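# Sharing a sequence plus its predicted fold:
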Amino acid sequence: MNKQNIKIFLVDDDIVFLKSLEIEFNEHTKYEISTFPSGEECCKNLSQHPSIIILDYHLDGINEKSMNGIQTLDMIKSFNSNIQVVMLSSQDKIEVAVECMHHHAFDYVVKSETAFMRLQHIITNILYYQKMEIELNWYMSR
């Protein structure tokens with residue numbers, strides 16, 4: 001997998017944060033980036049087969065009836081359990097992180113000035129694990 005083949009969805013109802021994250025990714029990586037302001041919009045586009053989804057924990061800022069991050073995470077995992085999801089939140093609470101892990105998120109990142117650097121590191125780890133899994137499966141099938 002080269003970086004041009006990696007499709008990343010960014011999902012956040014905070015349009016300013018979403019746009020700044022999109023700019024960071026476009027300026028500093030070669031991933032294909034798509035942005036969505038809601039969990040519903042993200043889920044409508046899962047047929048595009050994203051490799052990784054960066055998903056906000058709270059997604060009800062614009063509309064209280066919108067799916068929240070956990071509901072969106074569950075929908076993503078039911079669509080394809082191999083899509084890796086990294087949860088983002090402004091909350092630095094262990095309970096929130098644990099809840100995300102219980103719903104099969106790959107990791108949890110607190111929104112801060114270092115969030116983009118943490119996300120880059122996590123994405124590198126995800127891609128490394130995916131590559132190892134492909135190689136292991138190849139060896140096991142021989």
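Okay, I see it.
# Only C-alpha atoms from now on, for both contacts and neighbour counts.
Noted.
# Look up how far residue 137 lies from residue 65.
Residue 65 is 42 Å from residue 137, where distance means CA to CA, to the nearest Å.
# I meant to write residue 130 there.
11 Å.
# Between those two, tell me which one has more neighbours.
residue 130 (16 against 11; other CA atoms under 10 Å).
# which helices and strands sit right next to the helix or strand where the more buried one lies?
Using DSSP states H and E, the element containing residue 130 is helix 115-140. Secondary-structure packing of helix 115-140 (3 or more CA pairs under 8 Å, 6 or more residues apart in numbering; DSSP states H and E): strand 107-110.
# what do you get if the cut-off is 6 Å, keeping everything else the same?
Under the contact definition 3 or more CA pairs under 6 Å, 6 or more residues apart in numbering; DSSP states H and E, helix 115-140 sits against no other helix or strand.
# Show me which positions of that helix end up buried.
116, 118, 119, 122, 123, 126, 127, 130 (16 or more other CA atoms under 10 Å).
# ok, now stretch 85-92?
Quick answer for stretch 85-92 (16+ other CA under 10 Å): 85, 86, 87, 88, 89.
# quick one: the strands in the chain?
Along the chain, the stretches classed as strands by DSSP state E are 7-11, 32-36, 52-56, 84-89, 107-110.
# where does residue 141 fall, phi/psi-wise?
Dihedral pair for residue 141: phi -80, psi 0, per degrees, to the nearest 10.
# That one: neighbour count?
Residue 141 has 7 nearby residues by other CA under 10 Å.
# For it, give its distance to residue 99.
Distance from residue 141 to residue 99, by CA to CA: 35 Å.
# Likewise for residue 134?
Applying CA to CA to residue 134 and residue 99 gives a distance of 29 Å.
# And residue 89, by the same measure?
Distance from residue 89 to residue 99, by CA to CA: 12 Å.
# Per-residue pLDDT of residue 1, please?
pLDDT for residue 1: 55.
# likewise residue 34?
The model reports residue 34 with a pLDDT of 98.
# Same question for residue 6.
pLDDT for residue 6: 93.
# List the contacts of it.
Residue 6 makes contacts with 31, 51, as judged by CA atoms under 6 Å, 6 or more residues apart in numbering.
# cutoff 7 Å now
31, 32, 51 (CA atoms under 7 Å, 6 or more residues apart in numbering).
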